[in-house]
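Chemist: Got a sequence here, can you model it:
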Amino acid sequence: MQYVCLACFVAATAFHLYASLRQEKRKRNISKPFIILALLGFYALAAREVSLFIVLALALSWLGDVLLIPKGVKWFTAGGIAFMAGHVFFILGYLKDVDFTKIPLAVIILLAAVFIGAVTFLFSKLKPHLPKPLFYPMFLYLLINGAMNCFAIFRCISIGGFAGIITAVGAALFFISDSSLFFVRFDKNSPLKTHFVVMLTYSIGELLIILGLL
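Modeler: This next block holds a predicted model:
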């Protein structure tokens with residue numbers, strides 16, 4: 001049954017990406033909620049031990065997807081809050097596999113510097129295009145996404161092997177997706193004109209995170 005859910009995830013993602021490429025908003029809106037719903041079903045059925053934290057992370061990602069469908073700052077903010085909470089639950093889900101005794105302090109400092117630097121650089125480009133009330137909340141949001149990435153890398157260092165790597169790669173794609181979304185939504189001069197890149201990196205990122213956890 002888990003493979004039925006995985007097939008539904010692939011089909012919903014493919015349909016949504018096609019609609020995104022063609023900028024067919026109605027089809028995008030119809031298909032979007034099924035992507036993470038199918039992935040959640042796949043995880044719940046495939047996991048030997050289902051983590052409540054990961055279930056909540058996926059459920060909040062699904063809620064964020066739904067809340068981002070309508071246009072407007074209030075809906076965007078609500079969706080962002082859901083995704084931010086989802087990142088926190090991903091971190092909690094990673095923690096059981098993290099052994100900080102295996103992670104040099106220099107690596108922790110370097111990763112923090114890299115993500116803080118990346119977020120600061122991105123927002124220096126976004127600042128002229130963002131509504132002022134959203135600047136700091138969005139900055140904080142992407143920092144938390146960066147923290148989720150750091151813990152995915154900590155997990156990768158702790159456990160080693162392919163499982164750690166693909167979850168870390170998935171987290172990185174999630175960071176790229178969120179960064180791309182901000183430019184698509186707010187920068188009219190951005191070369192990113194559609195949600196195709198946003199949803200491609202997001203869908204693959206979420207799938208890789210889950211496959212690595214499994």
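
Chemist: got the contact list for stretch 49-62?
Modeler: Contacts of stretch 49-62 with the rest of the structure, by C-beta atoms under 8 Å, 6 or more residues apart in numbering, involve 33, 36-37, 39-40, 43-44, 47, 82-83, 85-87, 89-90, 92-93, 96, 206, 210, 213. For the C-beta atoms, the positions are set from N, CA and C on the backbone; glycine is no exception.

Chemist: any idea how far residue 55 is from residue 28?
Modeler: Shown here: residue 55 relative to residue 28, a distance of 26 Å by C-beta to C-beta, to the nearest Å.

Chemist: between these two, which one's more packed in?
Modeler: Ranked by neighbour count (other C-beta atoms under 10 Å), residue 55 and residue 28 place residue 28 first, with 21 against 16.

Chemist: Residue 16 is in contact with the more buried one, correct?
Modeler: Yes - using C-beta atoms under 8 Å, residue 28 makes contact with residue 16 at a distance of 6.0 Å.

Chemist: Just want the most central residue of the chain.
Modeler: In the chain, the C-alpha nearest the mean C-alpha coordinate belongs to residue 174, at 3.5 Å (C-alpha atoms, centre = their mean).

Chemist: Make sure that one is actually in contact with residue 206.
Modeler: Yes - counting by C-beta under 8 Å, residue 206 is a contact partner of residue 174 at 6.9 Å.

Chemist: Low-confidence regions, the chain specifically.
Modeler: The chain contains residues with pLDDT under 70 at 187, 190, 192-193.

Chemist: Which stretches in it count as helices?
Modeler: 2-21, 25-46, 52-67, 73-95, 105-126, 132-159, 161-186, 196-213 (DSSP state H).

Chemist: Determine which stretch of the ones you listed is the most buried.
Modeler: Stretch with highest mean neighbour count among those: helix 196-213 (a mean of 22; mean count of other C-beta atoms under 10 Å).

Chemist: which helices and strands does it pack with?
Modeler: Packed against helix 196-213 by the contact rule (3 or more C-beta pairs under 8 Å, 6 or more residues apart in numbering; DSSP states H and E) you find helix 2-21, helix 25-46, helix 52-67, helix 161-186.
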